[in-house]
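1. I'd like to go over a predicted model; first the sequence, then the structure.
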Amino acid sequence: MSDPIEPAPSHTRPNQPGPNHPEPIRPAILLDVDGPLNPFADCDRPRAATYRSHLLRPKIFPDRPAENRTVWLDPGHGALLLDLAAATGADLVWATLWEDEANRLLAAPLGLPELDVIRFAGTAFQHSDGHHAKIRGIDSWAGGRPLVWFDDQFQPRDAGWARDRSARTAPTRLIPIDPTIGLTRADVDGARDFLLASRRTAALSGHGESADRGDFDECAVDEASARP
């Protein structure tokens, strides 16, 4: 029997600091759902015992009605991600085709509050030109925010986009997730290391000291998290 779903509490954070109290731009941790948080079945490698099944009825595709879906979620991921956000001064953000349905249906069973949502306006369904379909929407939403992005469908030219964004706009790290395993502590540790390193670099730059951007410019994709 599927676990009951309770509404998630609201815990959104404005993206921009107030004019009288300027703050450093907060990094964003972008969360995909299917694959990273809802791993797919693999006959040769069953899901970890920590995952629980939930029968949900999301509306994901704009040209289709809502459909029943069995979703597998690990409630421990919520605490892991909240700890990551707290340790790095970052905001957790849904970057998924589920869009607002992620808050409505997934936040509570994961133990997450209501998060900010990137809305792709129907542009995120088809990869093209060697790039992930979500990049245009993420670029538009993120502005100058540093980014860590968990996803299982990075395309061949995405690493170049992340390197260019790191050099021109803000530190950017892609963390590929094996969709048959889902998000792991190693993936989260890689995100934490990157965000803390970029924060130290920003602090040095703010004090007029020379900063080494190599920690994030040369490794736009987390090779430790990349799997065949």
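-> Nice, thanks for sending it over. All values derive from a computational prediction rather than experimental measurement.
2. so which residues of the chain form strands?
-> 28-31, 52-56, 69-73, 91-94, 116-117, 147-151, 172-176 (DSSP state E).
3. chain center to stretch 122-130: distance?
-> With Cα atoms, centre = their mean, to the nearest Å as the basis, stretch 122-130 stands 18 Å off its chain's centre.
4. buried ones in it?
-> 124, 127 (16 or more other Cβ atoms under 10 Å). (Each C-beta comes from the backbone N, C-alpha and C, glycine too.)
5. which residues touch it?
-> Contact with stretch 122-130 is made by 61-62, 97, 133-134, 136-137, 153, 155-158, as judged by Cβ atoms under 8 Å, 6 or more residues apart in numbering.
6. which single helix of the protein contains the most residues?
-> In terms of residue count, the longest helix belonging to the chain (DSSP state H) is helix 185-206.
7. return the set of buried residues in that one.
-> Buried residues in helix 185-206, defined by neighbour count with 16+ other Cβ under 10 Å: 187-188, 190-192, 194-195, 197-199, 201-202.
8. check what pLDDT the spatially closest residue to Leu80 that is not a sequence neighbour gets.
-> By the measure of Cβ to Cβ, 6 or more residues apart in numbering, the closest residue to Leu80 outside its immediate chain neighbours is Val188, 5.5 Å from it. On the pLDDT scale, Val188 is placed at 98.
9. just the one 4 residues further on next, same as before
-> At Arg192, the model reports a pLDDT of 98.
10. what residues are up against it?
-> 84, 87-88.
11. from memory Asp152 sits against Thr180, does it?
-> No. Using Cβ atoms under 8 Å, Asp152 is not in contact with Thr180; the gap is 9.2 Å.
12. neighbour count winner among these two?
-> Asp152 (20 against 17; other Cβ atoms under 10 Å).
13. so what's the more buried one up against?
-> 32, 34-36, 176-179.
14. dump those residues to TSV, plus neighbour count, distance to Asn103 and pLDDT.
-> Putting these into TSV (neighbours: other Cβ atoms under 10 Å; distance: Cβ to Cβ, whole Å; pLDDT from 0 to 100) gives the following:
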residue	neighbour count	distance to Asn103	pLDDT
Asp32	24	15	98
Asp34	18	16	96
Gly35	21	19	96
Pro36	23	16	98
Pro176	22	25	98
Ile177	23	21	97
Asp178	20	25	96
Pro179	18	22	95
